[in-house]
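Colleague: Okay, sequence plus prediction incoming.
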Amino acid sequence: MDKKRVVVALGGNAILSKDASAEAQQAALRDTSKYLVEFVKKGNELIISHGNGPQVGNLLLQQTAGSTKDNPAMPLDTDVSMTQGSIGYWLQNAMGTELKKAGIDKPVATVVTQVVVDEADEAFKNPTKPIGPFYDEKGMQQQKLEHPEYEFVEDAGRGFRRVVPSPKPIDVVESDVVEIMVKNKIIPISVGGGGVPVIKTTNSLVGKEAVIDKDFASEKLAEKVNADMLVILTAVDNVYINFNKPNQKKLEKINIAELKTYIKVGQFAKGSMLPKVEAAIDFVQNTKNGSAIITSLQNVGKFLEDGSGTIIVK
Ligand SMILES: Nc1ncnc2c1ncn2[C@@H]1O[C@H](COP(=O)(O)OP(=O)(O)O)[C@@H](O)[C@H]1O
Ligand SMILES: NC(=O)OP(=O)(O)O
């Protein structure tokens, strides 16, 4: 692969699987950083983004449980900024170590990033973004008793999860800062957790309680910083049609017209693979020569060697 400016969006398993302790998440990110450094070793300009669904939901629970009148729980937009800080800290620390081991002298820094959304976005009336832990039926009913305003969905046979609004990103407020960092050989971590949702008023940006999808936010950032490539890392090496069926078939190099026909027939699960595919299409469609890749963290080395993974082109 030629040297490129690459935005890499990290999926959930890159940070948190079962153990939600700081130690376990830091250990996962140390492992993740080994793969991310491969992009830098090959001379690419790297920009990192990450999800926060499990972490922001857990933080909300901690906030709510410990709150008092004098020490109130923070609102969701502030919680998103807090997860940008905590995950950013773990990641820049882990990346620092791996870069040093590789003999690369490049600072890594987290940008608390605000992302503009539309106050009229229908998503505010229809929460769809799952956050925090999974509950069984009893646990979910208990949560509803304590917090009647919470809404839950059944998440792919794995249990119930709280859902919050997830408006579409319109603009990344700090994208110029991110681009300046990249031009100065700094590796930025930006739009963590999809960015802090804000709406624009005449003179201000005002936080809104929501969690933006990190794949859509990463796409918007990639456009704004003139990236050549959007890489979405998740738990599978490829996108599949007929996923998990005996006749499943992996997609390798595919153009956006073909991918759109697969979307129309419901090949990609809502809330998991569909947003990734849609973000990939948006990036390729909205840029002159941009390509998007969906693959796994473990496949990064192979992708950089021989382009394996699902590659979305015009
Ligand atoms: N058509 C498909 N091809 C590949 N994976 C799919 C497909 N449909 C659903 N998936 C599932 O979507 C998952 C990725 O979504 P998700 O776990 O929500 O992403 P993230 O890694 O960002 O947390 C994959 O690991 C896979 O289990
Ligand atoms: N904000 C966001 O999309 O997080 P997850 O990828 O962890 O769901």
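Modeller: Cool, the structure landed. If you're wondering where the values come from, they're calculated on a predicted model, not measured in any experiment. Ligands and ions are numbered 1, 2, ... in the order given.
Colleague: Quick check, Ser86 in contact with His50.
Modeller: No: here Ser86 does not reach His50: they are 10.9 Å apart, not a contact under Cβ atoms under 8 Å. Any C-beta I mention is one placed from the backbone N, CA and C, and that applies to glycine too.
Colleague: higher neighbour count, the two?
Modeller: When Ser86 and His50 are compared for neighbours, His50 comes out ahead with 30 against 16, by other Cβ atoms under 10 Å.
Colleague: which one is the more buried one nearest to, not counting chain neighbours?
Modeller: Nearest in space to His50, with sequence neighbours left out and distances taken as Cβ to Cβ, 6 or more residues apart in numbering, is Leu10 at 4.2 Å.
Colleague: Tell me the spacing between that neighbour and ligand 2.
Modeller: From Leu10 over to ligand 2 the distance is 8 Å, taken as Cβ to the nearest ligand atom, to the nearest Å.
Colleague: likewise Gln62?
Modeller: 17 Å.
Colleague: just so I have it, where are all the helices in the stretch 101-250 of the chain?
Modeller: 137-146, 175-183, 214-224 (DSSP state H, counting those that start in this stretch).
Colleague: contacting residues around the last one?
Modeller: Looking back up the chat, that one is helix 214-224. With Cβ atoms under 8 Å, 6 or more residues apart in numbering as the test, helix 214-224 has contacts from 7, 9, 47, 49-52, 113, 115, 168-172, 175, 178-179, 190-195, 227, 229-230, 232, 275-276, 278-280, 282-283, 286-287, 290.
Colleague: and the residues you listed, which are buried?
Modeller: Burial by neighbour count, 16 or more other Cβ atoms under 10 Å: within the contacts of helix 214-224 this picks out 7, 9, 47, 49-52, 113, 115, 169, 171-172, 175, 178-179, 190-195, 227, 229-230, 232, 275-276, 278-280, 282-283, 287, 290.
Colleague: so which of the residues you listed are also by ligand 1?
Modeller: Gly51 (Cβ under 6 Å from any ligand atom).
Colleague: can you list the residues of the protein near ligand 2?
Modeller: 12, 51-53, 193-194, 211, 213-214.
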